[in-house]
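*Asks:* Generate coordinates for the sequence data below:
(chains A and B)
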2 protein chains.
Amino acid sequence: MSALWQVTAGHFSNDRESIMRNGNVFQLANGYMGFRGTLDEFGPGELVGITLAGIFDRVGDAWREPVNAPNGGFTSVSLDSQEISALSTPIKTHRQTLHLRNAVFERETEYVSNGRTIRVRSERFLSAHVPNLGVIRYTVSCDSTARVRVSTGIDCNIWDLNGPHLCKMLLEKRDATLLVHAITGEAGRVVAVAEALECGFGTETHELLPKKNLRVIEWDAEAGKTYTFHKYFAVFTDQDPDGRASPMEAAIRCVNEAKARGYERCLREHGAEWDRKWDGCDVVIKGDDEAQLALRYSIFQLLMVAPVKGSANSIPARALSGQVYKGAIFWDTEMFMFPFFLHTCPDKAVELLRYRIRTLDGARRKARSEGAGYRGAFYAWESQETGDDACTYFNIGDPLTGRDLRTYFRDKQVHISGDVAIAIWEYFKVTGDDSLLLEGGAEVILECARFYFSYAYFKRDKNRYEILDVVGPDEYHERVNNNAFTSMVARATFEIANAAASYLGENHAAAFKALVAKLDIAAELPLFREAAELLFVPQPDPETQVIEQFDGYFKLQEATPGELKARMIHPNEYLGAGQGLAVPTRVIKQADVVMMLNLFKARYSTEVKRANWEYYEPRTEHGSSLSACAYAMVAADIGKLDWAWQYFLKTARIDLEAKYKVWVGTVFMGGSHPAANGGAWMTAVFGFGGLQAAPDHVVLNPRLCAKLSRLEFKMVYKGNRFRVRISRPEVEITADPSNTGKCKFLVRGDPIECGPGETCVVKARLDQAGEKP
Amino acid sequence: MSALWQVTAGHFSNDRESIMRNGNVFQLANGYMGFRGTLDEFGPGELVGITLAGIFDRVGDAWREPVNAPNGGFTSVSLDSQEISALSTPIKTHRQTLHLRNAVFERETEYVSNGRTIRVRSERFLSAHVPNLGVIRYTVSCDSTARVRVSTGIDCNIWDLNGPHLCKMLLEKRDATLLVHAITGEAGRVVAVAEALECGFGTETHELLPKKNLRVIEWDAEAGKTYTFHKYFAVFTDQDPDGRASPMEAAIRCVNEAKARGYERCLREHGAEWDRKWDGCDVVIKGDDEAQLALRYSIFQLLMVAPVKGSANSIPARALSGQVYKGAIFWDTEMFMFPFFLHTCPDKAVELLRYRIRTLDGARRKARSEGAGYRGAFYAWESQETGDDACTYFNIGDPLTGRDLRTYFRDKQVHISGDVAIAIWEYFKVTGDDSLLLEGGAEVILECARFYFSYAYFKRDKNRYEILDVVGPDEYHERVNNNAFTSMVARATFEIANAAASYLGENHAAAFKALVAKLDIAAELPLFREAAELLFVPQPDPETQVIEQFDGYFKLQEATPGELKARMIHPNEYLGAGQGLAVPTRVIKQADVVMMLNLFKARYSTEVKRANWEYYEPRTEHGSSLSACAYAMVAADIGKLDWAWQYFLKTARIDLEAKYKVWVGTVFMGGSHPAANGGAWMTAVFGFGGLQAAPDHVVLNPRLCAKLSRLEFKMVYKGNRFRVRISRPEVEITADPSNTGKCKFLVRGDPIECGPGETCVVKARLDQAGEKP
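*Replies:* This next block holds a predicted model:
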C-alpha cells in the first residue's frame, strides 16, 4: 500500500545526468517555492535550486527567468576534518524517498570514511501551512567515536541559467538567526532568507565565507549515538503580503516562530494540509500498481505547485522545478492543468485565472504592439509577472548553423487568448460562481473576443470571417491559415463573450453596464455575435470525415516521424521553423485537430473523432509532452481503450521516469511537466471515468479498459463534493453530507439525482461493459 | 563612330570562365533562336547553345527548360592532319567582333601550326529576315602550301542544363543537304536542322559520326590563297507555321532557298531589317562614349530577342542566351522590357502581351490550385509555353545544409498578375489601339482583377481591403502583409478593370456584353469598383514621408548589406527564404517601394520620392539586376542626377561587362539580362529624357546630368513617330512626315503641338538646366 504513496531510489549514482534527473523526480514545492530533490551537501554544480514563484529578473539581453533563492537548507558534515559528501566519499548504502502523502523528502546515506561508517539522515519539507517556510531534520551517527563538524546555514552559491539575479547580497547573523538578503538586478526586489537552528549538542561558531553564511557545530560524537538537529529556513520577498514592510524581519520572525513550534508540530500542520488536499482529489485505480503510482505522482506534482492563495500566481510550464522555459506560464496551465483544479479544488483553479486577470494589461500591451497592432487582449505565449511576453522572436537555436531561428510562437500562437477565455467560462459553468466574472473575468473574455475580432479578416466572396496566419498547437507548421483548433477556439471565444454579455446583462445589469462603458465596447458586441456565426472553422471532409488541420495541409508531402528522423543531419535539429524537415510534410509535432476534438468533444460525432484520430495519430511525432493525453482522451472517447491506456501511461509516467530530453545544445530544458501531469488526471477522470460537466448536470460515460478493474475519483460540482467509484458492474456516486443540494447525474444516459450524504448506484447494462462501446 | 557600334575582344583566353562570358557577350539572336558567341569549332564543353524560343522539355524531375537545337553552324579545320582549334593550337592573333548595327558576329584567328600560319575567319548572323535561318561565311588561308581538311555540318553534341531533350535523333544527308531531326522527350515535338553548303573547291565526302553529321572538304591549299565557303543552316519545329506539315522539308527548303539567294543577298536582307529596327529606336547620348556603347548594346539585346511576329512568344528573363532560369518569362518582361517596345516598336510590344493572352488558361489553372484556391488569373511566376508555373516551391538550394529551401516566389508573388494587366492597359493608353483589348486583353484584365478580389480580405474594423501574405519585389522578405508595391499594383488592376469595363461598355457594347457573359462576371464588377476605392495601400508617414514597405518592416533590425555579408558562413548562402540573414533585418534585395514610386510616378510627390529613395537606397543590396534602373529612374525624377548616372551605368553595363555571378553551387546562372537592358533604355528615355505618356499628350521633363551634353531618342505615340533631341539649351521634337495628325507635348510644362513633318523647338528657361530641379 505505502509503495503506492512513495518514490524511492535505493542507491546513489554520481553522475551529472542522474543527479539532475533525481533533482527533478524528488523535488518538493509548496506553491511559493520549489526545492529540487538534491542532497543537503550539494551546491550549484548539482543544480540545487530553490525557485521562487512569481519573482523574475533579467540580466542584460539574456532570457528573463525566475529568481532562485539562496539555499537555507544547506548542510555538510566532516569527520575528523575529512569532508563527507555523496560526491566524494565512498557510499555503503543510500536511499532517498519522496513521500507523496505528505510531501516529505527523506535521504539516508551510510558513508565509509577511514574505515568508519557514518550515517547521515535528513528529512525535509516545504510547509504547506506556512508557504515561506522550509523545515529540515538532520541526523548524524557514527559507528565509532569521532570529531564531527557540521556546517549548516545558507549557501549563497546559486545555480542560475541566466543569472546572477541577486545583487548587493548581504550575509549577516542577527542574534541566533542567520540572514541573507539581496535585491534583484532589474526591478530591485528584495529577497531575504533566514535560518534558525535547534541543536542541543556541540559548540557553535559563525563562519562567514564570501558566499556562505554558516554555523559550524563541532563535537566529539560517541560511537553509535544519534545526533539530531532541526533547521528552519524561510524565504520572503517584498512582494509577499507579510514581507512588504521588511522581508528580512518577516523571514527572521517566520523561522523563529517555527522553531518555537518545533519540528513535529510543523510537520503535523504540514501533513494536515496534505491530508486535506488528497482527500479532495485522489484517484484510485485498481489493476496496475505502477500506473496507480504514476497517476498519484502526477496529481502530487500538481498539488505541490498550485499557487499560494491570494497570490494571483499561476503555474509555469516547468512548474517550480527550476528556471527552465523562463519560469513562464503557457497555455499549458489553462488547457492541461486547470481542469484538475477546477474539478477537485476550485479555490486553486480560481487563483490561476486571477493571474490572467492581473496580467490583462500586459495582454493589452502585447495586442497593441504585435503585427499591425491589434485591439483587446493578446495573452503572452510565455507569461511572467507582468503579462508581457517573455517569448523571443528567435526562440530556438539552430545546431546546423549556430544561429537563432525565427519562430512565430510569440506573435502567431493566438489561441492562447481563447484558451484563457474558455477556462474562465468553464470555471463559471462548473462552479456556478459568477464572482470571478465580476472581478475581471468578464473583462478578460470581452477583451479576448475583441482581440480576435481585430485579428480576423472577412472574406467577402465566401461571406465568412477567417483567422489567418497563425501557429496552432502543432508548432512545426507556422503561419498557417484557418487552423481548425485556433479558429474553433476563436469562435468559442465569441460565443462565450456573447453568453457572458447576456448573463451579466440579465443578472448584473449595473456592473455589466459599467464594464461596457469602461471598455467602450457597446458597438462591438453585435460584431461578436456576427463573428460567432460567420467565423469559418474547417469542417470534416464529407467523404473521409477528416478535418484539414489548416489550409493546404492535405497538399503537403506524406512522411512519417521516423522518416524525418532519418533525414536529420544533427540529432538536435529542430523540425519546425522556416525550413525544418517537418515543414513541407504532414508530420505534426503534437495533437492539433485531435486536441480540438477533445476540447470541444460535445460538438463532434464519434465517427469524426475516430476518423481524425486514425488519420493524425501516425503522423504525430509527440514532440511535445502535451500531445499524449489528447490522444489518450480521444482514444477513450471513441472506444480505442488499449490505445487510451498506452497514451495514458505515456503522459502519467513522464516525470517519474524522467526520460525526457533535458539538454538542447547548451540549454538546460529539464524539469517537471505539470501539463502532462494534468493530462494524466484528465485521462483517468475524463477519459476512463467519462466525466463531463454540463451546465446543469454531470455526465458520466465511463469506459474501463482491460487493465482497469476499478476507478475511483473525487469531484466538486457547483460547490458540492462527490466520490465516484466505477467498476465493471456498477457506478457508485457518494455525495458529501455537507453538500447543499441534490445534483443531477447522467450515467451512461441514465438520469439519477444524488442528495447530500446519499450514495447512488447505477448498474451497468450488458452492452455497457465499456470494453468496446 | 563605328566604335560606338561594335563590341570587340582582341585576344582569346582559353579558360572556362572567359569562354562562358564571351559566349554571353557575343551572342546573336533573332527572336526565333539564340546562338551563343562561341567559336565555330566549339562544342558543348564551351557552352555552344542554339536556344529555341517557346519550345520546352522536361526530363524526369529536373527543371523544365527550353530546347537547344543541334548546331548547324559547326566547322573545324585541320592542317596536314593536325586539328586547328582555339582550344589547342597556339594562337598568333585573335579578334572577335559583334556588329551591333546589323547583328553580325565575326571572328578572325591566326594560328601557328608546325611553323606555318593559318588564318581562319568567319562571320555569321541569324537572319532577321527569315527567322529560322542562320548564315555563315567561312574563310581559310595559309602562308604556305598545305593539305587542308574542313569538317563542317551539324554537331549534335548539345549542351543542356537538364537534358537530354532530343530523342530518336536521326542524322541524314538528303541530296546535298545535311539533315538532323529528333523529337522532344516530353511532348514529342519535332525539331529539325538542315544545312546547305556553297563551296567551290576541294573534294567533299560525307562523314556520319554518332553525334555529328558532317561534310569533309579536303584540298591542297596554295600559299597565301584565301578559300571561302558559305554555310546555311535552318531550324524548324512542328510548332512553326511553315513547319507544321514537315519541319524537315521546311528546313531543307529554307537552306536551299537561302543558298540560291546567296550570302550577300541574305546579308543585305538581314541588314535592311536591322536598319529599320535601329531607325525606330536608337538612342544617342553625347558626353560619354562608353555609356553610349553600353546603352546601344542594351538596346541591341532587346532588339535581337523580340519575339517573331505572330508567335505570341515572350522574352525569357535570360532571353535566348541559354536555358538558365528555365527559359521562363517573369515579370521582367512586362515591367522592364515591355516599355522599350511599347514606345519604339509597338508591334513587338503587342506580341509580348499576346503571349499572356495565350497563357491565360494556365493562369486560371494556377489560381484554382494555389493556396485555398482562387478565382481569376494568377499568372505564373516562371512561365513557359502553357502558362503553368515552372517555379518550384523549393527553388533555391541551401549551401549550408545541402537542402532545398522553401521559397514563396511561386505562390505568393501575386503582383505578377497586376504587372500583366498594367502592361495591357499601358499598351492601349500609349498606342490608342483597342484591338488587343478585344482580342483577349480585356479578358486578362478582368480575370486578374477577379484574382485579386478572391485573394484580398476585408478588414471590418478598418473598413478596407488588404492584400495579405505576399512576396513583393524584395524577395528577402517573404509572406508579408500590405506590401506597398503589391497592394498598389492590385489597386491599379481594379482601377484598370473598371476603366476597361467603362471603355468597352461605351465603345464596344456587344463585345463587352459577350465577354461579361462568358466570364459570368457581371455581379463582380461593382465589387471591383468598391475594391479600387477601399483597397489599402501603405501611405507615406506624415512625419518622415517614408512608406513602410510592408506591415512591420520598420520594426525589423537595422543593418547594412555589408554587415550581412560579413555574417555569412558560406559565400553562396541565400539571404532570404525562411531563415536567411536579411529576413530579420531591413536589408532588401532590390527596389520595392522605390519600384512602386517609379511605376506610379504620377501619384507621388517629389518630396515622397526623395524621402523614400534616401531611406531605402542604403538598405538595398541590389541582389537582383532589376534594382539599379528603378533607383536610377527615381534618382533622375528627384534631381539626384549624379546618382541617376551611376545607377544608369550599372544597369547599362551589366551584359557588356559580364561581371555578374554565373555559378550558384553547381547551377549555371549566366546569360543576358534583358530586364536590365530595358532598364537602361528606360533610364535614358524616361529618366534623363523625362518622357511620360499621358492619355492624350506626351510629357517631356528632361533632366540631363553633368555627364550628358545631349540626348536623342525616337518614340511612337498613338501610331505617330517622333525624334526627340535634348540638349541643355533646348528640346527639339521632329515629327515623322508620315504621321497622321498633330500631337500635343508638354515640355517642362510648356504645351506645344507638333504636326506631321514639323520640327518644334522649346528653349530651356534658366532655372531648367536640369542640374538640380
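*Asks:* out of everything not next to it in sequence, what's closest to the residue of the stretch 551-700 of chain A found nearest chain B?
*Replies:* Here the residue of the stretch 551-700 of chain A nearest chain B is residue A:578; by C-beta to the nearest C-beta that distance is 1.8 Å. C-beta here means a position set from N, CA and C on the backbone, and glycine is covered the same way. Using C-beta to C-beta, 6 or more residues apart in numbering or on different chains and skipping residues adjacent in sequence, the residue nearest residue A:578 is residue B:578, 1.8 Å away.
*Asks:* next one: residue A:104
*Replies:* Nearest to residue A:104 is residue A:125, by C-beta to C-beta, 6+ apart, at 4.7 Å.
*Asks:* That neighbour reaches residue A:105, doesn't it?
*Replies:* Yes - the pair residue A:125 / residue A:105 is scored as a contact, 7.0 Å apart, by C-beta atoms under 8 Å.
*Asks:* that older thread, neighbours around the residue nearest to residue A:578, how many?
*Replies:* The number of residues packed around residue B:578, counting by other C-beta atoms under 10 Å in any protein chain shown, is 21.
*Asks:* go on, the one 10 residues further on?
*Replies:* Applying the criterion other C-beta under 10 Å, we find 30 residues in the vicinity of residue B:588.
*Asks:* go on, residue A:127?
*Replies:* Residue A:127, neighbours per other C-beta under 10 Å, totals 22.
*Asks:* One more: the one 4 residues further on?
*Replies:* Other residues near residue A:131 number 20, with proximity taken as other C-beta under 10 Å.
*Asks:* For the nearest residue to it once chain neighbours are set aside, give me the pLDDT.
*Replies:* Excluding its sequence neighbours, the residue lying closest to residue A:131 (C-beta to C-beta, 6+ apart) is residue A:32, at 3.6 Å. pLDDT for residue A:32: 98.
*Asks:* what about residue A:32, distance to chain B?
*Replies:* To chain B, residue A:32 is 38 Å away according to C-beta to the nearest C-beta, to the nearest Å.
*Asks:* Same question for residue A:534.
*Replies:* In terms of C-beta to the nearest C-beta, residue A:534 sits 10 Å off from chain B.
*Asks:* Who are the contact partners of that residue?
*Replies:* A:458, A:463-465 (C-beta atoms under 8 Å, 6 or more residues apart in numbering or on different chains).
*Asks:* Not counting sequence-adjacent ones, nearest residue to the residue in the stretch 401-550 of chain A that chain B sits nearest to?
*Replies:* Using C-beta to the nearest C-beta, the closest approach of the stretch 401-550 of chain A to chain B is made by residue A:457 at 3.6 Å. Distances taken as C-beta to C-beta, 6+ apart put residue B:457 closest to residue A:457, at 3.6 Å, once the chain neighbours are dropped.
*Asks:* what's across from the one you found in the sheet?
*Replies:* Counting by DSSP bridges, residue B:457 is bridged to residue B:466.
*Asks:* ok now do it, which residues does it touch?
*Replies:* Contact analysis of residue B:457 by C-beta under 8 Å, 6+ apart lists A:457-459, A:466, A:468, B:465-466, B:468.
*Asks:* If any of the residues you listed are buried, put those into a PyMOL selection.
*Replies:* Burial among the contacts of residue B:457 is assessed by 16 or more other C-beta atoms under 10 Å in any protein chain shown; the matching PyMOL selection reads:
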select buried, (chain A and resi 457+458+459+466+468) or (chain B and resi 465+466+468)
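*Asks:* now the contacts of residue B:457 as TSV including distance to residue B:496?
*Replies:* Formatted as TSV, those follow (distance: C-beta to C-beta, whole Å):
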residue	distance to residue B:496
A:457	25
A:458	25
A:459	23
A:466	28
A:468	27
B:465	16
B:466	20
B:468	22
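*Asks:* from the contacts of residue B:457, which is closest to residue B:597?
*Replies:* Nearest to residue B:597, judged by C-beta to C-beta, of the contacts of residue B:457 is residue B:466 at 20.6 Å.
*Asks:* Verify the contact between the residue nearest to residue A:131 and residue A:134 for me.
*Replies:* No - if you go by C-beta under 8 Å, residue A:32 and residue A:134 don't touch, sitting 9.8 Å apart.
*Asks:* who touches both of the two?
*Replies:* Contacts common to residue A:32 and residue A:134, judged by C-beta under 8 Å, 6+ apart, are A:126, A:235.
*Asks:* So which of these two has more stuff around it?
*Replies:* Taking other C-beta under 10 Å, residue A:32 and residue A:134 do not tie; residue A:134 has more neighbours (29 against 26).
*Asks:* how distant is whichever strand or helix holds the more buried one from the center of its chain?
*Replies:* Assigned by DSSP states H and E, residue A:134 falls within strand A:133-142. With C-alpha atoms, centre = their mean, to the nearest Å as the basis, strand A:133-142 stands 29 Å off its chain's centre.
*Asks:* returning to that earlier point: between residue A:125 and residue A:105, what contacts are shared?
*Replies:* With C-beta under 8 Å, 6+ apart, residue A:125 and residue A:105 have common neighbours residue A:28.
*Asks:* related to what we said a few turns ago, can you list the buried residues in the strand holding residue A:134?
*Replies:* In strand A:133-142, counting by 16+ other C-beta under 10 Å, buried: A:133-138, A:140-142.
*Asks:* before we move on, what about stretch A:516-525?
*Replies:* Result for stretch A:516-525 [16+ other C-beta under 10 Å]: buried residues A:516, A:521, A:524-525.
*Asks:* mind listing which of these are in strands?
*Replies:* Under the assignment DSSP state E, the buried residues of stretch A:516-525 contribute nothing to strands.
*Asks:* Closest one of these to residue B:393?
*Replies:* residue A:524 (39.5 Å).
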